[in-house]
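> Curious how this folds, go ahead:
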Amino acid sequence: MQKLKMIITTLFTLVLLLSFSTSTYAATVDSILKAPEEGWTRFDDRAPELVYSKDDWELLKYDVTAADYNQTVLGAKHKKKSEIKFKFEGSKIRLLINKSHSYSKKVAISIDGKVEYFSANNETWIHQIVGYEKLDLKYGIHEVIIWTETPSENVVTYDYRFDAIDINGSLVDFNYVEPEVPTTPDPEQPSVGRAILVVTMTTGLEKEFDLPMSDVNAFLNWYDARDVGTGPAKFAINKYGNNKGPFSKRTDYVIFDKILTFEVSEYNTN
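Residues are numbered from 1 along each chain as shown. The predicted model follows:
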């Protein structure tokens, strides 16, 4: 009786271990994967979002594809580029292919312009095998292009067979363009009016000042007032930081009856 209990306990433990290992199994490259894992979606090789290069593929089904997903598969014709293009939204992708001892050892895949390679070559012919996977993309829209980089060295009809795609998201139309995220423009800085005031004295001496328009307007108001006999005989012009030298402030005084002419050239700064 005691021996029987030990046998039952051992069998129960084995069942638990096998159950645990099955539930924690995660597919990897060269794993046979007949159904997408939880959180993934499988798209057949006939998905309308996939764009194939013309005359480079042969659509196979039924009698020759019974072991393939949805009983369909695409044959990449020998010595053709056999390009596939598509876009998907997600962060993970797996390619399901056929592998055989006669298939290409170098198939290229570009994701958002970054090129990597995988092999469709194997000692035996296997269906629904993970030929390639990428699990660390940033979630978003990604552009994928697949092509035969190096044709098979054997005399074959196909360089490999493409079966399906697993992604943790969805395929999108290849012509889809992500909308640009609107950016808030920097607020325009108000224009600051300034002017170059050139005062020509009766002696022929020219005095040039780079001034804010408020100072220029003050000069014009003083000149007009003095011209009709009111206001002081001189006007103080602040030189601000121009040629200040060691002084804390420099002021130029112009005398009304010593002014022959003057010129104002306005400009704006941001």
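> For P232, give its distance to D215.
Counting by Cβ to Cβ, to the nearest Å, the gap from P232 to D215 is 16 Å. Any C-beta I mention is one placed from the backbone N, CA and C, and that applies to glycine too.
> who's more crowded, the two?
D215 (18 against 12; other Cβ atoms under 10 Å).
> Distance of the nearest residue to the more buried one once chain neighbours are set aside relative to V177?
Leaving aside its sequence neighbours, D215 sits nearest to N238 (Cβ to Cβ, 6 or more residues apart in numbering; 6.7 Å). Applying Cβ to Cβ, the value for N238 to V177 is 57 Å.
> can you check K249 too?
K249 is 60 Å from V177, by Cβ to Cβ.
> Name the next helix or strand downstream of the helix or strand of the chain with the lowest mean pLDDT, please.
One helix or strand of the chain scores below all others by mean pLDDT, DSSP states H and E: helix 2-23, with a mean of 49. Sequence-wise, the next helix or strand beyond helix 2-23 is strand 41-44, with elements assigned using DSSP states H and E.
> dump the residue contacts of the residue nearest the centre of the chain.
Centroid-nearest residue in the chain: D112, 8.4 Å away (criterion: Cα atoms, centre = their mean). Applying Cβ atoms under 8 Å, 6 or more residues apart in numbering, we find D112 in contact with 142-143.
> quick one: it and E178, what's the gap?
Counting by Cβ to Cβ, the gap between D112 and E178 amounts to 12 Å.
> ok, now T157?
If you go by Cβ to Cβ, the gap between T157 and E178 works out to 39 Å.
> Over to G169?
G169 sits 14 Å away from E178, going by Cβ to Cβ.
> Those two: who's more crowded?
A count of neighbours by other Cβ under 10 Å puts G169 above the other of G169 and E178, at 19 against 10.
> Can you tell me the closest non-neighbouring residue to the more buried one?
Among residues not flanking G169 along the chain, G90 sits closest, at 2.6 Å (Cβ to Cβ, 6+ apart).
> Who are the contact partners of that neighbour?
G90 neighbours (Cβ under 8 Å, 6+ apart): 137, 139, 142, 167-170.
> ok, of the residues you listed, which come out buried?
Among the contacts of G90, the ones that count as buried by 16 or more other Cβ atoms under 10 Å are 137, 142, 167-169.
> just checking, which of these belong to strands?
Mapping the buried ones among the contacts of G90 onto strands (DSSP state E) picks out 142, 167.
> Any chance of JSON lines for the buried ones among the contacts of G90, columns distance to R194 and pLDDT?
Formatted as JSON lines, those follow (distance: Cβ to Cβ, whole Å; pLDDT from 0 to 100):
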{"residue": "L137", "distance to R194": "53", "pLDDT": "97"}
{"residue": "H142", "distance to R194": "52", "pLDDT": "96"}
{"residue": "I167", "distance to R194": "60", "pLDDT": "97"}
{"residue": "N168", "distance to R194": "60", "pLDDT": "97"}
{"residue": "G169", "distance to R194": "57", "pLDDT": "95"}
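> Show me which pair in the buried ones among the contacts of G90 is furthest apart.
H142 and N168 (11.6 Å; Cβ to Cβ).
> Between N238 and V177, which has more neighbouring residues?
N238 (14 against 8).
> Would you mind measuring from that one to I255?
17 Å.
> Equivalent analysis for T230, please.
Distance from T230 to I255, by Cβ to Cβ: 16 Å.
> swap in E58?
99 Å.
> now G229
For G229, the distance to I255 - Cβ to Cβ - is 15 Å.
> Compare these two and say which one has the larger neighbour count.
For G229 versus I255, the count of surrounding residues by other Cβ under 10 Å is larger for I255: 12 against 6.
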